[in-house]
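> following is a predicted model, sequence given first.
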Amino acid sequence: MKAFFLPLLLVLFSAGAMAQGTKKTAAAPASNGLASQFNKLKDNSNSYREKGEAYKVVNVRELDAFWENVQRTMEQSEKKLLDGSKETRQDLAEAQATIAQQQKQLQVLKAENAQKEQEVQKSASAIANISVLGLDMPKQLYVLLSAIIILALLVLLAVIMAIYRRSKQVTDAKQRAADEMEQELNECKKTYREKELKLKRELQTEMNRVEELNKEIASLQRQHH
């Protein structure tokens, strides 16, 4: 019957790994569910002692189900991180498109401003009255109107440049957030892989130990016969 026993070492290791994962994601329902499943698995296991050591009889089917839940939880967490990174990239693309559009508007305004300045220079060289749309008006009034228009354009240009700088700051912030999220995702992947490999190594160690116990039992049975 010892062939179906897993030593207490596997139970203790699993408990330590689950406790550490629960501390890191205490607010996540998935971690609470895994902790509950682990405690249930431990409670449903029978206990026995041999040579002063405590052991647990673990149902292999329940252990496999628990491991599937662990993998499913890891996949869900990774999917959430990927979805968040995708949304951030979409926001970044939209912000970049907005900046490109504002840059085009800025170029148009600069061209209009340059054209107005040329018109002011031409009007300054005129000696007589200036005809605008078929109407004659004093040079001083024309210059004043032109200056007002230029000033309005300059104010508008300043506003657009301020909006552009603000948009650039938002874009830079989102870019940094995307980089941080990607780094966090890579760290989570690395942690999950390390945990998975560690669990697999421990499981293989326990399986080897069970096999050694089976061989010892078979040897003892042959000696009794």
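Structure received. Computed from a prediction, not measured in an experiment: that's the story for all the values here.

> when you work out contacts or count neighbours from here on, use the C-alpha atoms and nothing else.
Fine.

> show me the shaky parts of this structure.
1-32, 123-132, 134, 225 (pLDDT under 70).

> which helix in it has the most residues?
helix 139-224 (DSSP state H).

> for it, the distance to its chain's centre please.
4 Å (Cα atoms, centre = their mean, to the nearest Å).

> give the buried residues for stretch 72-81.
73-74, 77-78, 81 (16 or more other Cα atoms under 10 Å).

> and the gap between the residue nearest the centre of the chain and Thr88?
Centroid check for the chain by Cα atoms, centre = their mean gives Met181 as the closest residue, at 3.5 Å. Note on Met181: its distance to Thr88, by Cα to Cα, to the nearest Å, is 9 Å.

> check contacts around Leu106.
Shown in contact with Leu106 (Cα atoms under 8 Å, 6 or more residues apart in numbering): 157, 160-161.

> distance of it relative to Arg166?
For Leu106, the distance to Arg166 (Cα to Cα) stands at 15 Å.

> same thing with Ala95?
11 Å.

> settle it for me: which of these two has more neighbours?
Ala95 (18 against 13; other Cα atoms under 10 Å).

> doesn't the more buried one belong to a strand?
No. Read with DSSP: H, G, I helix; E, B strand; the rest coil, Ala95 is helix and lies in no strand.

> and the residue lying closest to it once chain neighbours are set aside, how many residues sit next to it?
Residue nearest to Ala95 in three dimensions, not counting chain neighbours: Thr171, with 6.1 Å by Cα to Cα, 6 or more residues apart in numbering. Using other Cα under 10 Å, Thr171 has 19 other residues around it.

> give the contact list for Thr171.
Residues counted as contacts of Thr171 (Cα under 8 Å, 6+ apart) are 92, 95-96.

> quick one on the thing from earlier: which residues are in contact with the residue nearest to the centre of the chain?
Applying Cα under 8 Å, 6+ apart, the residues near Met181 are 81, 85.

> how near is it to Lys189?
For Met181 relative to Lys189 (Cα to Cα), the value is 12 Å.

> can you check Tyr142 too?
Counting by Cα to Cα - Tyr142 and Lys189 are separated by 69 Å.

> so the two - more neighbours on which side?
Tyr142 (19 against 16).

> mind listing the residues bridging to Asp136?
Ser131 (DSSP bridges).

> number of residues surrounding it?
The burial count for Asp136: 12, using other Cα under 10 Å.
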